[in-house]
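Undergrad: give me a model of this one.
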Amino acid sequence: MAFQQTDSDGRHVDIWIHDLANDAIARLTFGPGLDELPVWSPDAKRVAYAANHNLNYGLYQKSADGSGSEQEMAKSSGAFRQGFWDWSHDGQYLLVWKSGELWYLSHSDLQLKPLFQGNWIVRNAQFSPDGKWIAYSSNETGNWEIYVSPFPAVNSKWQVSRGSGEEPRWRRDGKELFYLSAEGKMMAVSVKASPNFEAGTPRELFQTHLRQSISANDLVSYDLSADGRRFLINTKVNEPNATPLAIVLNWASEMEK
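TA: The predicted model follows:
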């Protein structure tokens, strides 16, 4: 598992790797500033991520075993925020979030090209296993919903969710899509992508208890295994022994005493 974690003083965010089989955790990045939104290469040998170095956002990759230095994949966009959503299974393309727009990066020539640009936000985009479709969430209607469009010619779309939806994920065989409803319910939809896209009726799997979003870094809440049977969810944990919050009133007058 690749994940981002804020350090103890809250000043830096870095990418870490958790070996789930051995329960071993290793830090991957050590740069100043913000490293976020890690995605795995198809062969699991590299991790791509966004980094904010000296207030300039860039796209980078690094060997998953930590060897070598990071490599720049796309030039800095200045203060405009960007990051990766997904890496296609054939290794040729990466989906990129760029200031709320959806772009893609060709791994062969490292050129960024736009997919969706407009007065709405597109996020959490994912390639279908065969690379011919992308699922994404968009607020173009005023509510977050899940859509599927062909790739790279995004000239049509199908709405998959009904009533709200965010963070779509494909099952590895491409026959099912998962997403989160506005109430935090894990939803599943049977889909057929060939020759034309078709989606069934969404069904509820279970209620999640997501950690409350506390910053712009909370863009990814969960992931799932290839067979869609196991879920890894950023879950709220109750701490009954936590120190209670204390509110001090008239603190300025107390300092004068």
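
Undergrad: OK, contacts around the nearest residue to Thr6 once chain neighbours are set aside?
TA: Nearest residue to Thr6 in three dimensions, chain neighbours excluded: Val13, at 5.1 Å (Cβ to Cβ, 6 or more residues apart in numbering). The way it works is simple: take the backbone N, C-alpha and C, and place the C-beta from them, glycine included. For Val13, the contacting residues are 4-7, 33-36, 217, by Cβ atoms under 8 Å, 6 or more residues apart in numbering.

Undergrad: what subset of these is buried?
TA: Taking 16 or more other Cβ atoms under 10 Å as the criterion, what is buried in the contacts of Val13 is 4, 33-36.

Undergrad: which of the residues you listed sit farthest apart?
TA: Based on Cβ to Cβ, the longest span within the buried ones among the contacts of Val13 runs between Gln4 and Gly33 and measures 12.1 Å.

Undergrad: all the helices of this protein, residue numbers only.
TA: Assigned by DSSP state H, the chain shows helices spanning 251-256.

Undergrad: how does it divide up, domain by domain?
TA: Domain assignment for the chain, taken from automatic domain parsing, gives 1-116, 118-239.

Undergrad: for Glu254, which of the ones you listed is the nearest?
TA: domain 1-116 (26.8 Å).

Undergrad: tell me the least confident of the buried ones among the contacts of Val13?
TA: Least confident of the buried ones among the contacts of Val13 in the model: Gly33, at 81.

Undergrad: hmm, back to that, wait, which of the domains of the chain is closest to Glu256?
TA: Of the domains of the chain, nearest to Glu256 by Cβ to Cβ is domain 1-116, at 30.7 Å.

Undergrad: what's the end-to-end length of the closest one?
TA: One end of domain 1-116 sits 29 Å from the other (Cα to Cα, to the nearest Å).

Undergrad: which residues does the residue nearest to the spatial centre of the chain contact?
TA: Nearest to the mean C-alpha position of the chain, by Cα atoms, centre = their mean, lies Val220 at 4.1 Å. Counting by Cβ under 8 Å, 6+ apart, Val220 touches 37, 124, 167, 234.

Undergrad: contacts only, for the last one.
TA: The one in question is Asn234. 210-211, 218, 220-222.

Undergrad: how close does it get to Gln5?
TA: In this view, Asn234 and Gln5 are 12 Å apart by Cβ to Cβ, to the nearest Å.

Undergrad: re earlier: any chance of the contacts of Val13 in a markdown table, with distance to Arg171 too?
TA: Shown next, in a markdown table, are the contacts of Val13 (distance: Cβ to Cβ, whole Å):
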| residue | distance to Arg171 |
| --- | --- |
| Gln4 | 25 |
| Gln5 | 28 |
| Thr6 | 31 |
| Asp7 | 35 |
| Gly33 | 35 |
| Leu34 | 31 |
| Asp35 | 29 |
| Glu36 | 26 |
| Asn217 | 27 |
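
Undergrad: quick check: the farthest pair among those?
TA: Of all pairs in the contacts of Val13, the most separated under Cβ to Cβ is Gln5 and Gly33 at 14.0 Å.

Undergrad: what's across from the residue nearest to Thr6 in the sheet?
TA: Thr6, Leu34 (DSSP bridges).

Undergrad: quick one on the thing from earlier: and the contacts of Asn234, which are buried?
TA: Neighbour counting over these (16+ other Cβ under 10 Å) leaves 220-222 as the buried ones.

Undergrad: one step back: between the contacts of Val13, which sits nearest Ser156?
TA: Proximity of the contacts of Val13 to Ser156 was ranked by Cβ to Cβ; the top entry is Glu36 with 31.5 Å.

Undergrad: what about the nearest residue to that closest one once chain neighbours are set aside, distance to Gln207?
TA: Using Cβ to Cβ, 6+ apart and skipping residues adjacent in sequence, the residue nearest Glu36 is Gln4, 4.8 Å away. Look at Gln4 and Gln207: by Cβ to Cβ, they are 26 Å apart.

Undergrad: great, nothing more from me.
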